[in-house]
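>>> just to be clear, the model below is a prediction. Sequence and coordinates:
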Amino acid sequence: MNLRILEILLKKEIRLMMRNPFIPRMIIAMPLMVMLVLPLVANMEVKNVGVAVVDNDRSELSRRIIADMNASEFLSVKGNEFSYGNALQLIETGSADAIVVIPDNYSKNLTNGHKPKLEIDANGVNATKGMLGANYAAQSISHTLRQWHAANGAELSLSQISVMNYFNPTLNFRNYMIPALMVVLIIIICGFLPTLNLVREKETGTIEAMNVTPVSKFTFVLSKLIPYWVVGLLVITVGMIIGCLVYGLVPAGNIANIYFAAVLFSLVMSGLGVTIANTSSTMLQSIFMMFAFIMIFQLMGGLFTPIASMPQWAQYFTHAVPPRYFIEIMRSVYLKGASIADLWIQYTILACFALLFCGIASFTYRKQS
């Protein structure tokens, strides 16, 4: 490889990037949109769950149960109904997500030492919100009953529970999302944009002029990718700065581990992008193919949905999805302070994917005579 030729080609690529009206704006807007907007929009926290209460007891205890639920930041009592049918209407209209039924003589039976059953029904249309809402309501009621028994001199056969949340003590979903959002930046900057750049040269015909020169295909492709690798690292840096200044999230581990993972994943996405560009004749073809991979990567890589909650067959499939390992590295370094020695399996698999995709990209690129 002639370094002088590579230098000239790099200068040419940088000038083309600066003259392009779309790429510089994309490079500036992408990290700002992803890091400022997505953590606010893609929030899986469930709060203000609507609860409809059917109070058949009408006692001091039942009123206290309702007041405690309404005071919770996770629950909101939407109605205190006299019949189950009226409460069910609130579920059907979407005003409530769960129904709490307090039976007749509930307080009296508890005082006499009985264990009356309190019913909680959840809306299964939104399974996540309904399930969590039912759990929130059950926890709130249990807390109220503990206080009520203590105030009346009785003891429940329930032990005190101490909960400690490691790595994310506040349970803030943004802390879980922000490290993983780096994958979106790398996919767009180091995968999507180089693909469009190469296919655009095919459509304009300038790549034909390059193919008849003695410039090696390795030098040519490298000159196309290096600027985007550099921009990808700059975008990762901007993303970490935004995460620190806006959300107060600082990596618990070594930042060098993040950059090393970003370099490996950049090679993976660049190899995939060049492969798609080599097999595409138009920009429309490359956009559709790249978009299909992006959807699979985001849905199956554990970005929005935890891999452990997927079906077993899907969990096996995620082992062939490169973003899975980059996301695991980012979250582990950010939240746990993990080192390369702790994550050597993920780094090794990313390196193997990089060699595989770069090898396929080199094999599929042909200089035509």
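Ah, there it is.
>>> buried residues, the particular helix or strand that has residue 142 in it. List them.
Counting by DSSP states H and E, the element that carries residue 142 is helix 127-151. Buried residues in helix 127-151, counted by 16 or more other C-beta atoms under 10 Å: 129-137, 140-141, 144-145, 148. Using the backbone N, CA and C atoms, a C-beta is placed for each residue, glycine as well.
>>> per-residue pLDDT, residue 165?
For residue 165, the pLDDT comes out at 54.
>>> hang on, the earlier thing: any chance of the buried residues of helix 127-151 in CSV, plus distance to residue 250 and pLDDT?
Below are the buried residues of helix 127-151 laid out as CSV (distance: C-beta to C-beta, whole Å; pLDDT from 0 to 100):
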residue, distance to residue 250, pLDDT
129, 32, 72
130, 36, 73
131, 33, 75
132, 29, 76
133, 33, 78
134, 36, 81
135, 32, 82
136, 31, 84
137, 36, 85
140, 34, 87
141, 39, 87
144, 39, 87
145, 41, 84
148, 43, 82
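>>> list of residues touching whichever strand or helix holds residue 15?
Using DSSP H and E, residue 15 falls within helix 3-19. The set of residues external to helix 3-19 that reach it, using C-beta atoms under 8 Å, 6 or more residues apart in numbering, is 23, 24, 215, 219, 220, 222, 223, 224, 226, 227.
>>> number of nearby residues for the closest residue to residue 332 other than its chain neighbours?
Leaving out its chain neighbours, the residue that sits closest to residue 332 by C-beta to C-beta, 6 or more residues apart in numbering is residue 338, at 3.9 Å. By the criterion of other C-beta atoms under 10 Å, residue 338 has 19 neighbours.
>>> assumed residue 338 was part of a strand.
No - with DSSP: H, G, I helix; E, B strand; the rest coil as the criterion, residue 338 is coil rather than part of a strand.
>>> residue 60 versus the closest residue to residue 57 other than its chain neighbours, what's the distance?
Leaving aside its chain neighbours, residue 57 sits nearest to residue 106 (4.2 Å; criterion: C-beta to C-beta, 6+ apart). Distance check for residue 106 against residue 60: by C-beta to C-beta, to the nearest Å, it reads 11 Å.
>>> looking at those two, which is more packed in?
Neighbours of residue 106 and residue 60, each counted by other C-beta under 10 Å, are more numerous for residue 106; the result is 22 against 10.
>>> need the per-residue pLDDT for the more buried one.
Here, the pLDDT recorded for residue 106 equals 83.
>>> ok, it touching residue 58?
No - look at residue 106 against residue 58 with C-beta atoms under 8 Å: they stay out of range, at 9.6 Å.
>>> any idea which helix or strand carries the residue nearest to residue 293 when sequence neighbours are not counted?
Of all residues not flanking residue 293 in the chain, residue 272 sits nearest, at 6.6 Å (C-beta to C-beta, 6+ apart). Assessed by DSSP H and E, residue 272 sits inside helix 255-278.
>>> give the buried residues for that helix.
Using 16+ other C-beta under 10 Å as the test for burial, helix 255-278 gives 257-258, 260-278.
>>> quick one: that helix to chain centroid distance?
Here the centre of helix 255-278 is set off from its chain's centre by 19 Å, with C-alpha atoms, centre = their mean, to the nearest Å.
>>> helices and strands around the following helix or strand past that helix, which ones?
Downstream of helix 255-278, the first helix or strand assigned by DSSP H and E is helix 283-300. The contact analysis (3 or more C-beta pairs under 8 Å, 6 or more residues apart in numbering; DSSP states H and E) places helix 283-300 against helix 173-186, helix 193-204, helix 255-278, helix 323-331.
>>> if you set the cut-off to 10 Å instead, what comes out?
helix 173-186, helix 193-204, helix 255-278, helix 312-317, helix 323-331 (3 or more C-beta pairs under 10 Å, 6 or more residues apart in numbering; DSSP states H and E).
>>> which neighbouring elements make contact with the longest one?
Other helices and strands packing on helix 255-278, by 3+ C-beta pairs under 10 Å, 6+ apart, are helix 173-186, helix 193-204, helix 217-247, helix 283-300, helix 323-331, helix 344-364.
>>> farthest from the middle of the protein: give me that residue.
Distance from the centre of the chain peaks at residue 112, with 50.3 Å (C-alpha atoms, centre = their mean).
>>> which parts of the helix or strand of the chain with the lowest mean pLDDT are buried?
When each helix and strand of the chain is scored by mean pLDDT, DSSP states H and E, helix 206-211 comes last, with a mean of 73. If you call a residue buried by 16+ other C-beta under 10 Å, then helix 206-211 has these buried ones: residue 207.
>>> put the alpha carbons of that helix into CSV.
Only the C-alpha atoms of helix 206-211 are listed here, as CSV (Å, rounded to 0.1, in the frame of the first residue of the first chain):
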residue,chain,number,x,y,z
THR,A,206,-16.6,8.2,-10.7
ILE,A,207,-15.7,4.8,-9.3
GLU,A,208,-15.2,3.6,-12.9
ALA,A,209,-12.4,6.1,-13.3
MET,A,210,-10.8,4.9,-10.1
ASN,A,211,-11.1,1.2,-11.2
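>>> which residues touch that helix?
Residues from elsewhere that reach helix 206-211, judged by C-beta atoms under 10 Å, 6 or more residues apart in numbering: 9, 16, 198-202, 217, 220, 223-224, 277, 366-369.
>>> and those, which are buried?
Buried members of the contacts of helix 206-211, counted by 16+ other C-beta under 10 Å: 9, 198, 199, 200, 201, 202, 220, 223, 224, 277.
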